[in-house]
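> Fold the following.
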Amino acid sequence: MKNLITIIFLGMFLLTFVSAISGGECDTIEFPNEDDVSFSVSGNDSNMEGFNWTKNGTIIEYCFDILYYPDKFTLRWWNYQEVYVEDSSTSGGSSSGIYYSNLEDGLTKTLYKNSNVAFKLTKPHNLKVLNIGSDSVEIRIMSNLIYVTLSVGEEKEFSIDKEGYYDLYLKLNSIENNKITLTIKKIDKLIEVEEVVEEIIEEEVEEVEETKNNSLLVIGGIICMILIILFVIVIFKIKSNSNIELEGGIENE
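Numbers count the residues shown, from 1 in each chain. Below is the predicted model:
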């Protein structure tokens with residue numbers, strides 16, 4: 001009899017637990033590595049009762065009991081690599097995203113056409129592979145809209161978040177079987193003043209040369225007009241002298 005009562009109570013408990021979980025909210029999100037993670041919650045006024053989660057490999061599964069499910073929240077998962085995965089939920093739905101923020105040592109990724117990499121320097125940005133050629137790749141960087149073409153082995157530096165400094169470094173390592181290996185790195189390199197001065201000097205030289213050419217054209221035009229006027233005066237004097245000599249000859253006769 002006691003065993004029967006115990007079984008009944010266990011069955012009721014399991015039924016209640018399963019009902020609560022199934023009536024609540026469960027979701028999964030993929031983390032970029034299999035190491036242990038920590039998490040934090042923001043935008044949530046509840047006390048997180050009824051919240052449980054597990055991580056199996058790279059998959060994190062979490063559930064809220066229906067009694068404690070908050071209207072809106074943001075879960076942030078991270079580990080020692082400072083790779084963040086955020087999962088947000090509001091009354092209008094849910095969204096998730098992943099971005100890389102610890103890029104000082106560089107991040108090398110294998111990417112395909114239309115692959116995206118979300119990363120953070122000072123602000124979040126997104127890199128997308130637009131097209132892969134036999135020896136070059138076309139890339140778009142947002143939120144600052146930058147289009148760049150890299151050849152195999154080529155590296156470039158960009159100023160995105162920090163004015164006066166290069167803060168992003170890209171290098172195309174290889175292209176093979178319609179995929180690329182790309183290194184993304186956060187840098188902090190001062191843009192040399194000499195480079196800026198050289199650009200300004202080149203622009204000023206071009207302006208001076210253009211002004212000089214325009215001045216030469218004006219001077220040439222003035223000289224031509226003077227020559228034409230002198231020519232007309234000379235012709236006029238010659239004709240005048242001819243007329244005077246002709247009139248003098250007539251009077252003598």
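> Every contact and neighbour count from this point should use C-alpha atoms.
Noted.
> what's the burial count for residue 134?
If you count neighbours by other Cα atoms under 10 Å, residue 134 ends up with 11.
> so how many other residues sit close to the residue nearest to residue 131 when sequence neighbours are not counted?
In space, residue 131 comes closest to residue 138 once its chain neighbours are excluded; the distance is 5.1 Å by Cα to Cα, 6 or more residues apart in numbering. A total of 16 residues lie near residue 138 under the criterion other Cα under 10 Å.
> so what's residue 138 up against?
Applying Cα atoms under 8 Å, 6 or more residues apart in numbering, we find residue 138 in contact with 129-132, 147-150.
> ditto for residue 28
59-62.
> Flag the least confident of these.
The pLDDT minimum for the contacts of residue 28 sits at residue 62, where the score is 80.
> Just the element for that one, please.
If you go by DSSP states H and E, residue 62 is part of strand 59-64.
> Pull out the buried positions in that strand.
By 16 or more other Cα atoms under 10 Å, the buried positions in strand 59-64 come out as 60, 63-64.
> What is it packed up against?
Other helices and strands packing on strand 59-64, by 3 or more Cα pairs under 8 Å, 6 or more residues apart in numbering; DSSP states H and E, are strand 25-30, strand 51-56.
> tell me, which of those strands is the model least confident about?
When I compare the helices and strands packed on strand 59-64, strand 25-30 is least confident, with a mean of 74.
> ok so, going back, compare the helices and strands packed on strand 59-64 and report which one is nearest to residue 76.
strand 25-30 (10.9 Å; Cα to Cα).
> strand partners of the following helix or strand past that closest one, parallel vs antiparallel please.
As assigned by DSSP H and E, the chain's next helix or strand after strand 25-30 is strand 38-42. Using DSSP bridges, strand 38-42 pairs in its sheet with strand 73-78 (antiparallel).
> Just want the angle from the strand it pairs with to strand 59-64.
Strand 73-78 runs at 150 degrees relative to strand 59-64, counting by axes from the mean of the first three to the mean of the last three Cα atoms, to 10 degrees.
> CA atoms only for strand 73-78 - export them in CSV, please.
What follows is strand 73-78, C-alpha atoms only, in CSV (Å, rounded to 0.1, in the frame of the first residue of the first chain):
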residue,chain,number,x,y,z
PHE,A,73,14.5,39.5,-21.2
THR,A,74,18.0,39.3,-22.6
LEU,A,75,20.2,36.3,-21.9
ARG,A,76,23.9,36.7,-22.4
TRP,A,77,26.2,33.6,-22.5
TRP,A,78,29.9,33.9,-22.5
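> could you give the mean pLDDT of it?
On average, strand 73-78 scores 72.
> do stretch 229-241 as well
Stretch 229-241 comes out at a mean pLDDT of 79.
> Over to stretch 110-124?
Computed over stretch 110-124, the mean pLDDT rounds to 86.
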